[in-house]
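**Q** let's see this in three dimensions:
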Amino acid sequence: MRTPPADLDEARRRIAAAELVGVASNHLTEDLYSALEFSDLVAIKNLLKRFFSAQPWSEEDAARLDTLLTRNVAEPAGWFEHDLGDDLRLMHGFDGGAYHLWATGGSDGESSIFDRVFSGPVQPEATPNPRHVRFVIGGSPAPGVWFRPGDEIDDPRVTELLADPDVTDVLVAGDFVAIGLRRASMWKDRLDDLVVVVERLFWSADRAASAHEGPTRDELVAGQTSGALHLLNPDDPASRRQLETALAGDDPRQRRMAVATLAQSADETYAVNTLVTAYRDVSRIVRRTAIDAAVDLESEDVRLLLEAALDDEDDWIRWKAVKGLSEIGLSTSTGAVSALADDPDFQVRFEVAAALRKA
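**A** Okay, the predicted model is just below:
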């Protein structure tokens, strides 16, 4: 009887970091997953999202996947192994009367970016949210201000950072700058140059080294650090509760930060439902954030939300919705997008023309 590899959890995380989930999923489909009952698709999809991530994979998760695959496969037999690249190997199939999904191999190498030690004055630190890195620049702690594309920004340093197409948001606090990228896996290639950029833009020799230590994960989860919501992990239960509380709160700045972070959940159904709810917010900046995050998902599941946003009174939201629909393919949205060809805003009209040409 086969036994799971000792590096299973590390290999699962490495597959996600190396953006090989699609390759692995194709192998699974070809081997055993091509004839699944519709009623089980969502449950299996969510389990696979958890497996190919840094989230915990419990015995209960494995048993649930075993149950689902066993009842969906006509002949529960066969064992399959595939090389995914980057020295990573996928193994799955039936053994000892049960279905197993395993992975092994790979090396963190440069992707272990949060463990690097820099000799310069700006020090990068890990955060609970793998898409974000906190750069300690020295100075005294002070509340942070969070920026995303579409905001009115009067800080040229932030404008320069957000001009980078990989950067999704920036938080500037008294003694640190936090930067978010579109995907966590990008940090292995972007950390070095962004440290240099942050040092050039934010650090100066007269900044006294602060003895204040960065917030711990428990402090972030407990909400003891102002402005740190976007650093939380939306799939950690305690963090999600903290974010959902903020989303229901009175402060629109906290609500927009919460919705942008919850939209990064590996559970896409949850993320989309959160964005639909957030788009009903009375605050324009929260609605902007919901549409911006929906476009980032690049998912067919946000089509109805983006179509609804085409009628928004805000020019920026209409422009972003057109852009998002173009990126996932106009398809059934062609008529709704075409209707904005005479929109009063030039940027919207320009994006419509570009989308229709692309289609």
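**Q** who touches stretch 276-287?
**A** Here stretch 276-287 makes contact (CB atoms under 8 Å, 6 or more residues apart in numbering) with 151, 247, 252-253, 255-256, 259, 289-291, 294, 305, 308-309, 312, 314, 317. (Each C-beta comes from the backbone N, C-alpha and C, glycine too.)
**Q** Thr269: what's it in contact with?
**A** 42, 46, 301.
**Q** what distance do you get for it to Ser299?
**A** Look at Thr269 and Ser299: by CB to CB, to the nearest Å, they are 10 Å apart.
**Q** next one: Pro76
**A** 32 Å.
**Q** which parts of stretch 239-257 are buried?
**A** 239-240, 242-243, 246-247, 252-257 (16 or more other CB atoms under 10 Å).
**Q** what about it, start to end distance?
**A** With CA to CA, to the nearest Å as the measure, stretch 239-257 spans 13 Å from end to end.
**Q** repeat for stretch 169-183
**A** Span of stretch 169-183 from end to end, CA to CA: 12 Å.
**Q** please renumber so the chain begins at 228
**A** Yes, from this point I'll number from 228; that puts the last item at stretch 396-410.
**Q** for the chain, where's the lowest mean pLDDT among helices and strands?
**A** The weakest-scoring helix or strand in the chain, judged by mean pLDDT, DSSP states H and E, is helix 444-449 (a mean of 40).
**Q** any chance of JSON lines for the contacts of Thr496, columns distance to Gly562 and pLDDT?
**A** As requested, those are arranged in JSON lines below (distance: CB to CB, whole Å; pLDDT from 0 to 100):
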{"residue": "Val269", "distance to Gly562": "29", "pLDDT": "88"}
{"residue": "Asn273", "distance to Gly562": "33", "pLDDT": "90"}
{"residue": "Asp528", "distance to Gly562": "20", "pLDDT": "96"}
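**Q** buried ones among the contacts of stretch 503-514?
**A** 378, 474, 479-480, 482-483, 486, 516-518, 521, 532, 536, 539, 541, 544.
**Q** mind listing what the residue nearest to Ala520 when sequence neighbours are not counted touches?
**A** Excluding the flanking residues, the one nearest Ala520 by CB to CB, 6 or more residues apart in numbering is Ala490, at 3.7 Å. Residues near Ala490 by CB under 8 Å, 6+ apart: 461, 498, 501-502, 517, 520-521, 523-524.
**Q** just the strands in the chain please.
**A** 306-312, 315-322, 325-332, 350-353, 359-363, 372-374, 394-399, 403-408 (DSSP state E).
**Q** and Gly562, which of those is closest to it?
**A** Between Gly562 and these, the tightest spacing by CB to CB is seen for strand 394-399, at 30.6 Å.
**Q** tell me what angle the closest one forms with strand 403-408.
**A** Angle, strand 394-399 to strand 403-408, by axes from the mean of the first three to the mean of the last three CA atoms, to 10 degrees: 170 degrees.
**Q** adjacent strands (with direction) for strand 394-399?
**A** Each strand paired with strand 394-399, and its direction, by DSSP bridges: strand 372-374 (antiparallel), strand 403-408 (antiparallel).
**Q** show me what contacts the residue nearest to Leu421 when sequence neighbours are not counted?
**A** Leaving aside its sequence neighbours, Leu421 sits nearest to Ile406 (CB to CB, 6+ apart; 6.3 Å). Neighbour list for Ile406: 359-360, 362, 388, 394, 396-397, 421, 425 [criterion: CB under 8 Å, 6+ apart].
**Q** where is the longest helix in this structure?
**A** Counting by DSSP state H, the longest helix found in the chain is helix 414-429.
**Q** that one packs against which elements?
**A** strand 359-363, helix 383-389, strand 403-408 (3 or more CB pairs under 8 Å, 6 or more residues apart in numbering; DSSP states H and E).
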